[in-house]
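Enquirer: sequence? don't have it. structure:
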DNA sequence: CTACAAATAGTCAATTTGACTATATTTTTT
DNA sequence: AAAAAATATAGTCAAATTGACTATTTGTAG
């Protein structure tokens, strides 16, 4: 740490930007908001905001997420900071990017936004975004692709109760590859991580599949016993 | 992004802190510097500095690393930002932590530091550090433990030419576990990632082991063909 | 020339993978 | 009511990988 502890800041501001991922059966989605004013008016962009003086950075991200979704117990984690000089015009703004995994069923969009301000986009059909937001998204997608194979975080994108086929579709969407159904089932079930709900899905026009849920406590127990989640 | 683009910053400063890892056969080391002045005078701490107005954050980290080691092409990657309100006294300082993997042979310590200012510590014998530096170190160790198993970055801690046994010792130090020698060799060699130097180590009082090197180009080629580094 | 130290090679059962085929249970169609 | 369609679930089997070992080779040191 340098000696000049009382120099005034050379950074104009630190912002938060958030990748909010959702999944609705057909590919992975991301939530964008439309800028109402400012430099990039009319453009779609990642939801973001400024960090307040008296809140932790993690708190700021949580606050932002809640203001968008109305819900607060959502999976949320820091991605990394982006701080190229040229990432933001005029001012020197460093942003700290977060990513959230939400179950699109369980929350009401837009507290304070109209429908036209907030919209889901398939992650591969995202328009050109301002600043370095496309780069942040790319980075987040890579991170998600990796993380979902080594930690059981994908379940956050699904309803509480889900079928094996739903998880598979989710993984196929995130990893961008086809997976063998029997083998995927086998691997997942053999981890003994999923708890059967003893319930079947409803309103499907074919044989109904069993519903399962993910239990963090069971995962933590198994982890202590040496399980390492790998898919 | 909120509308008030021209508010003055509520963050006093953004700093860089760097985890510099080294390996010298006996456990994993980290480089600490002794504070000469300021709030935490006399304490050992992570090397750090302020981000300049006209440099990317990654550049700032590189500059800091070079000022300490004299070398510039070192493996360096961002860990994450740490931004709790209480992490720093008096002022609101957010820090962006990086971690570097250096080969302790190949660089001269302390351009501008005396030996008593800079010192290697075994990562498990680190004193109480100021601010949230112990937390940053813990986070970095976890990250390293994970990353080293999924990406071939460990080689950065070794000399250009190394023996299989050296890699194994490195992995044992980072992962904090014993590994079976024949099985470790087999797995590593079967990836066809290591290039034999057709050379033996010297000055050992027993049978000399073959030297290998890691070739990033070969790794990239194999990756394209579907190899995924896993240890 | 013998003891040692560590490198390197090889064995083998158990487990996991990948690529499949087969059967079961529903709903919709004829 | 029977057949067709759709999807869930179960099972097979050879190949590859792993984990826990033993055996051999090649060098140094006394």
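Expert: That came through, no problem. Given the structure is predicted, the values throughout are model-derived calculations rather than measurements. Numbers count the residues shown, from 1 in each chain, chains lettered A, B, ... in the order given.
Enquirer: CA only for contacts and neighbour counts going forward, please
Expert: OK.
Enquirer: Specify the local secondary structure of the residue of chain A found nearest DNA strand C.
Expert: Here the residue of chain A nearest DNA strand C is residue A:205; by C-alpha to the nearest atom of the strand that distance is 3.4 Å. On the three-state scheme (DSSP: H, G, I helix; E, B strand; the rest coil), residue A:205 is labelled coil.
Enquirer: Count the neighbours of it for me.
Expert: For residue A:205, the tally of surrounding residues (other C-alpha atoms under 10 Å in any protein chain shown) stands at 6.
Enquirer: what's the answer for the one 10 residues further on, then?
Expert: Here the number of neighbours of residue A:215 (other C-alpha under 10 Å) works out to 13.
Enquirer: Need the residues that contact the longest helix that chain A contains.
Expert: Using DSSP state H to define each element, chain A has its longest helix at helix A:133-150. Applying C-alpha atoms under 8 Å, 6 or more residues apart in numbering or on different chains, the contact partners of helix A:133-150 are A:19, A:45-46, A:79, A:82, A:97, A:99, A:128, A:153-154, A:171, A:174-175, A:228-231.
Enquirer: Now the buried members of those.
Expert: The neighbour count (16 or more other C-alpha atoms under 10 Å in any protein chain shown) marks A:19, A:45, A:46, A:79, A:82, A:97, A:99, A:154, A:171, A:174, A:175, A:229 as buried among the contacts of helix A:133-150.
Enquirer: re earlier: now cross-check the contacts of helix A:133-150 against chain B and list the overlap.
Expert: Under the cut-off given by C-alpha under 8 Å from any C-alpha of the partner chain, chain B has A:46, A:79, A:82 from those close to it.
Enquirer: can you pull the contacts of the second one?
Expert: When you say that, I think you mean residue A:79. Counting by C-alpha under 8 Å, 6+ apart, residue A:79 has contacts A:96, A:97, A:98, A:99, A:140, A:143, B:80.
Enquirer: What is the burial count for the third one?
Expert: Looking back up the chat, that one is residue A:98. Neighbour tally, residue A:98, other C-alpha under 10 Å: 23.
Enquirer: same question, the first one
Expert: The tally of other residues near residue A:96 (other C-alpha under 10 Å) stands at 28.
Enquirer: Tell me which helix or strand it sits in.
Expert: Element membership for residue A:96 (DSSP states H and E) is strand A:93-101.
Enquirer: following that strand, which helix or strand shows up next?
Expert: Elements were assigned by DSSP H and E; along the chain past strand A:93-101, the next helix or strand is strand A:118-122.
Enquirer: pLDDT value on residue A:107, please?
Expert: With respect to pLDDT, residue A:107 scores 64.
Enquirer: With residue A:99 instead?
Expert: 98.
Enquirer: Grab the nearest non-local neighbour of it.
Expert: Once flanking residues are discounted, residue A:99 sits nearest to residue A:19: 4.4 Å by C-alpha to C-alpha, 6 or more residues apart in numbering or on different chains.
Enquirer: helices or strands up against the strand or helix carrying that neighbour?
Expert: Using DSSP H and E, residue A:19 maps to strand A:13-23. If you count contacts as 3 or more C-alpha pairs under 8 Å, 6 or more residues apart in numbering or on different chains; DSSP states H and E, strand A:13-23 packs onto strand A:28-34, strand A:48-50, helix A:57-69, strand A:93-101.
Enquirer: So the third one, near chain B or not?
Expert: Yes. Taking C-alpha under 8 Å from any C-alpha as the criterion, helix A:57-69 and chain B are in contact, through A:57, A:58.
Enquirer: Make sure residue A:222 is indeed in a helix.
Expert: Yes. The assignment for residue A:222 by three-state DSSP puts it in a helix.
Enquirer: Tell me how far it lies from residue A:229.
Expert: To residue A:229, residue A:222 is 10 Å away according to C-alpha to C-alpha, to the nearest Å.
Enquirer: residues near residue A:105, how many?
Expert: Residue A:105: 13 neighbours (other C-alpha under 10 Å).
Enquirer: in terms of contact, does it touch residue A:160 like I think?
Expert: No. With contact defined as C-alpha atoms under 8 Å, residue A:105 does not count as touching residue A:160 (10.0 Å).
Enquirer: Looking at the record's assignment, how would you partition chain A?
Expert: Using automatic domain parsing, the domain ranges for chain A come out as A:3-137, A:164-225.
Enquirer: ok, and the closest non-adjacent residue to residue A:129?
Expert: Distance criterion C-alpha to C-alpha, 6+ apart; nearest residue to residue A:129, sequence neighbours excluded, is residue A:45 at 5.4 Å.
Enquirer: Out of the domains of chain A, the one nearest residue B:34 is which?
Expert: domain A:3-137 (11.9 Å; C-alpha to C-alpha).
Enquirer: Briefly note if the closest one comes near DNA strand D.
Expert: No. Using C-alpha under 7 Å from any atom of the strand, domain A:3-137 stays clear of DNA strand D, with a minimum separation of 12.0 Å.
Enquirer: pLDDT at residue A:219, what is it?
Expert: pLDDT, read off for residue A:219, is 95.
Enquirer: what about it, helix or strand, and which?
Expert: With secondary structure defined by DSSP H and E, residue A:219 is part of helix A:216-224.
Enquirer: Could you check the pLDDT of the spatially closest residue to residue A:202 that is not a sequence neighbour?
Expert: Excluding its sequence neighbours, the residue lying closest to residue A:202 (C-alpha to C-alpha, 6+ apart) is residue A:208, at 6.7 Å. Note on residue A:208: pLDDT of 94.
Enquirer: Specify the local secondary structure of residue A:208.
Expert: Residue A:208 ends up coil, using three-state DSSP.
Enquirer: residues near it, how many?
Expert: By the measure other C-alpha under 10 Å, the count of residues near residue A:208 is 13.
Enquirer: what's it in contact with, if anything?
Expert: Remark: with contacts taken as C-alpha under 8 Å, 6+ apart, residue A:208 is in contact with A:200, A:201, A:202.
Enquirer: residue contacts, the second one?
Expert: If I follow you right, that is residue A:201. A:163, A:208, A:209, A:210, A:211.
Enquirer: can you check the first one too?
Expert: The neighbourhood of residue A:200, defined by C-alpha under 8 Å, 6+ apart, consists of A:208, A:209, A:210, A:211.
Enquirer: show me what contacts residue A:31?
Expert: A:19, A:20, A:21, A:22, A:46, A:47, A:118, A:119, A:120, A:121.
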